[in-house]
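prediction below, plus the sequence it came from.
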Amino acid sequence: MINPVFRRETQTSLRRFKIYIAISVYIALIVGTAALFLYSSLNMSYRRGFDPKDTIYMYSLLSGMQLCLVLITTPALTASSISGERERQT
């Protein structure tokens, strides 16, 4: 069972087009970074092949990127939610 307040907030926040744009940009950044990393590791390496050890570096890079993106987007989304609550005086 989902909390009714959480369900209502989720429905109203997902109706905004801004959320879809933010999620699309987030996914595009992650996929673009992974593709660039794989392209550079395959084509710019000395052996011109795939080295499984490179996946450790890619995992570290993507994890760090996701952490940075979450640290940026969470306060922005929270601030808009808080300001909406103040406008509605709830």
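Structure's in. What do you need? Numbering: from 1, shown residues only.

where does this structure have low pLDDT?
14, 45-49 (pLDDT under 70).

for it, what spans make up the helices?
4-13, 17-43, 54-88 (DSSP state H).

dump these to JSON lines, plus mean neighbour count.
Every C-beta, even on glycine, is put in place using the N, C-alpha and C of the backbone. Formatted as JSON lines, the helices of the chain follow (neighbours: other C-beta atoms under 10 Å):
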{"stretch": "helix 4-13", "mean neighbour count": "11"}
{"stretch": "helix 17-43", "mean neighbour count": "12"}
{"stretch": "helix 54-88", "mean neighbour count": "11"}
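
contact partners for the residue nearest the centre of the chain?
By C-alpha atoms, centre = their mean, the chain has its centre lying nearest to residue 26, at 4.0 Å. By C-beta atoms under 8 Å, 6 or more residues apart in numbering, the contact set of residue 26 is 69, 73.

what about 6 Å?
Counting by C-beta atoms under 6 Å, 6 or more residues apart in numbering, residue 26 makes contact with residue 69.

and it, how far from residue 53?
Noted for residue 26: a distance of 27 Å to residue 53, by C-beta to C-beta, to the nearest Å.
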